[in-house]
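S.K.: build me a model:
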Amino acid sequence: MKITDVKTYVLRAEVGKPVTGFRGHYETVASRISHGFTAVYVKIETDEGIVGWGESIAREAPSAAASVINELFKPMLLGRDPLDNEVLWEELFTAMRIRGHFAGYYVEALSGVDLALWDIKGKYFGKPVHKLLGGAFRDRATAYASSVLFMSPEDTVKEVSRLVEQGFRYVKVKIGRGYDVDKAVIKAIRDSLGDEVEIMVDANTAYNVATAIKVGRMLEKYDVLWFEEPVPPDNLEAYVRVSRALDIPIAAAETLFTKYQWLEFMRRGAMDIAMPDIARVGGITEAMKIASLADSFGIPMTFHVGLSGAGCRAATLQVIASLPSHIIFTPTYEYYYIEKNPLAYDIPKEPIEVFKKDEVIIPDKPGLGLNIDEEKLKQYTT
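M.R.: The predicted model follows:
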C-alpha cells in the first residue's frame, strides 16, 4: 500500500464572540483573535482506496500548520507505506529538528498526519485503533463538563446545578480573576451543592507563583479535585515551586510538545496530573510514549480536548481505551459543553461523543471511528 495524496483543510467556524477562558494580559489579545473555532483536517489517500483522517490542533492561524504539511510533509509522504507510521513519524520530526523546529506549529502539523496514518492502519486491519495499541481496558470513559466561564457566584451555582442535573458529577470552572473573586465562586458552589459535585479549576496561566500558592491553599479547603495551569507553561521553575508548596494536585500541561518536554516537567516534579493534547504533542505515536513516561513517574493522565474538532476527540478516546487504570485519572475526558463546535459536531456523519450520563462510549469502528462528510467539511474551509 502506498500514499498517493495528502490534503489539508483549513477550517474556521465563526461564532461572533471570544471562546476562550484566558485571563490576564492574554485576555485583551483573545478579545481580538478568538471569535470562533479553527482546525486543520488532514486527509491521506492510498492506492488501495483506504483514506485516513486526522486533525492538527490550530487555535489561531491554522494555515501555518497546513503549510507545513503541504510544503514539507507531503513530498516526504508520497509513495510511502502508511503502515510504517513509526518510521514516518521519526523522519518527519527529524526533517526540521536540526533547524530548531521541535515544537509549535511544526509538531501540531505532525500530529494531524500521525492521526491520519493511524486511521489508515486501523481501517487496513479492520480494527479500531485501540486494538492496534494493545486492546481496550474500558469501553467508556468518565467525562467532565468543561468549562464554566466567568460569571457571578450566583450564576455559577445555577450553571453548575444545571450540569449536575444533566448527570455530570465532575465540572471544571474557570478561575483567574483574583483571590477574592475565585474564593467567592468556589465557596458558593460548595455552600449550595456540597458534595454533589466534584470541582476542578482552570486558571489558564493567570497567576504568578505567590498568588497561585495563595489561591491553591484556598482551593484545598474546598476540596477541589485539581488546580490546572496555575502559572505560565514556559516557566518550569514556577510549576516546580507551586507543586511543592501545595497539596492540591497540579494539572499540566496542554501546551507541551513531545516526550522531551514532558520528561523535563515530570523529572522535576512540576505536575501531579498530566494533561496532554493528542492533536498537539505529536499524535497517538508520541502520546503513547508520554503515557509510558507518566507510568514510570507514577503520574496519572487525563486529556485535553477543549476547542478541538472531531479528529482530536476520536483519537483521544482511542488512547484512553488503551491505557491501564493506574495511569488514568478520573475524570479522563474533557467534554467542552459551553459552545457546540461545528467543526466537531457538523462534519462527522455520526457523532464521535455518545454519552450515557457522564460517560462517553469508546468508538469501536475501524480506525479512529471518523466518518467525515466532505460536503459539510467544505462549508467551513477557508
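
S.K.: from the middle of its chain, how far away would stretch 181-196 be?
M.R.: Remark: stretch 181-196 is offset 27 Å from the chain centroid, using Cα atoms, centre = their mean, to the nearest Å.

S.K.: in that stretch, what's buried?
M.R.: By neighbour count on 16 or more other Cβ atoms under 10 Å, the buried set for stretch 181-196 is 182, 183, 185, 186, 188, 189, 190, 192. (Each C-beta comes from the backbone N, C-alpha and C, glycine too.)

S.K.: and these as TSV, adding secondary structure?
M.R.: Formatted as TSV, the buried residues of stretch 181-196 follow (DSSP: H, G, I helix; E, B strand; the rest coil):
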residue	secondary structure
182	helix
183	helix
185	helix
186	helix
188	helix
189	helix
190	helix
192	helix
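
S.K.: those: which two are farthest apart?
M.R.: 182 and 192 (16.3 Å; Cβ to Cβ).

S.K.: before we move on, the earlier item: dump the buried residues of stretch 181-196 into TSV; add distance to residue 126 as well.
M.R.: Output for those, formatted as TSV (distance: Cβ to Cβ, whole Å):
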residue	distance to residue 126
182	50
183	54
185	49
186	48
188	52
189	47
190	49
192	50
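
S.K.: for the stretch 201-350 of the chain, which segments count as strands?
M.R.: Along the stretch 201-350 of the chain, counting by DSSP state E, counting those that start in this stretch, strands occupy 227-228, 250-252, 273-274, 301-303, 328-336.

S.K.: and those strands as CSV, adding mean neighbour count and distance to residue 378?
M.R.: What follows is the strands of the stretch 201-350 of the chain, written out as CSV (neighbours: other Cβ atoms under 10 Å; distance: least, Cβ to Cβ, whole Å):
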stretch, mean neighbour count, distance to residue 378
strand 227-228, 27, 36
strand 250-252, 26, 37
strand 273-274, 23, 36
strand 301-303, 23, 29
strand 328-336, 22, 24
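
S.K.: among the ones you listed, which is nearest residue 71?
M.R.: Nearest of these (Cβ to Cβ): strand 301-303, 30.0 Å.

S.K.: which element is residue 109 on?
M.R.: helix 104-125 (DSSP states H and E).

S.K.: what packs against the helix or strand following that helix?
M.R.: Scanning forward in sequence from helix 104-125 by DSSP H and E, the next helix or strand is helix 129-132. Judged by 3 or more Cβ pairs under 8 Å, 6 or more residues apart in numbering; DSSP states H and E, helix 129-132 is in contact with helix 104-125, helix 310-322.

S.K.: can I get the shortest one in CSV, CA atoms only?
M.R.: Put plainly, it is helix 310-322. What follows is helix 310-322 as a C-alpha-only set of coordinates in CSV (Å, rounded to 0.1, in the frame of the first residue of the first chain):
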residue,chain,number,x,y,z
ALA,A,310,-13.8,15.6,15.7
GLY,A,311,-10.3,14.2,14.9
CYS,A,312,-8.8,15.1,18.2
ARG,A,313,-11.8,13.8,20.1
ALA,A,314,-11.9,10.5,18.3
ALA,A,315,-8.1,9.9,18.7
THR,A,316,-8.3,10.8,22.4
LEU,A,317,-11.0,8.2,23.1
GLN,A,318,-8.9,5.5,21.4
VAL,A,319,-5.9,6.3,23.6
ILE,A,320,-8.0,6.4,26.7
ALA,A,321,-9.4,3.0,26.0
SER,A,322,-5.9,1.5,25.6
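
S.K.: cool, thanks, talk later.
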